[in-house]
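> using only what follows, build the 3D model:
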Amino acid sequence: MIRTAAPADVPLIHTMIRELAEYEKALHEARATQEQLHEALFGERPAAYAHIAEDDATGEPVGFALWFLNFSTWRGVHGIYLEDLYVRPAARGGGHGKALLRELARICVERGYERLEWSVLNWNAPSIAFYESLGAKPQDEWSVYRLTDGALAALGTPAGEAVPVPGAAR
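Numbers count the residues shown, from 1 in each chain. Predicted coordinates for the structure are as follows:
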């Protein structure tokens, strides 16, 4: 069963984000707090949305998808960018990941969105095989670039001002 996340799910989502970060060998980068997630998902102006996968037999939450809208200037419509898709190891192979993706695809079709996109680590062969089995195609001609921390602060600080130290109190 797939359901829309509720505010009471924030601690669960936070825990699963940390589990995903550990799986991706990047737990040290997972700094989001429950408060930040609550604001992003359920604040006055939500920036993201989430769905929870529950085991059909037990009702136990076993996975989640966290996503937000993007926009294609070429197609002239929104799409969904899937930030995180995670199914707990004990529940993998039970159809929960496919059900989460099916729900996001359903939302795209219902709303007239023309893209459902996400990124996957190059070393994550099981996930790549799963996505390709659904008909997803890698976008090999594109590379992802990212500015964070000091580089982001340096580029975003007006010339002549001191560059803020990421994570430091202001």
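> hmm, residue 84 and residue 20 touching each other?
Yes. Between residue 20 and residue 84 there is a contact at 5.9 Å, judged by CB atoms under 8 Å. (C-beta placed from N, C-alpha, C; glycine too.)
> what sits in contact with each of the two?
Common contact partners of residue 20 and residue 84 (CB atoms under 8 Å, 6 or more residues apart in numbering): none.
> okay, now residue 53: neighbour count?
27 (other CB atoms under 10 Å).
> who touches it in this structure?
Residues near residue 53 by CB under 8 Å, 6+ apart: 1-2, 61-65, 87, 91, 96-97, 99-100.
> mind listing what's buried in the helix or strand hosting it?
Using DSSP states H and E, residue 53 sits in strand 49-54. Buried positions in strand 49-54, judged by neighbour count with 16 or more other CB atoms under 10 Å: 49, 50, 51, 52, 53, 54.
> and residue 66, helix, strand or coil?
Here residue 66 is recorded as strand under DSSP: H, G, I helix; E, B strand; the rest coil.
> need the helix or strand of the protein with the lowest average pLDDT.
Lowest on mean pLDDT, DSSP states H and E among the helices and strands of the chain sits helix 149-156, with a mean of 85.
> could you find the closest non-adjacent residue to the residue nearest in space to the middle of the chain?
Residue closest to the average C-alpha location in the chain (CA atoms, centre = their mean): residue 83, at 1.9 Å. Once flanking residues are discounted, residue 83 sits nearest to residue 66: 4.9 Å by CB to CB, 6 or more residues apart in numbering.
> show me the residues around that neighbour that make contact.
Residue 66 neighbours (CB under 8 Å, 6+ apart): 13, 17, 41, 48, 49, 50, 82, 83, 84.
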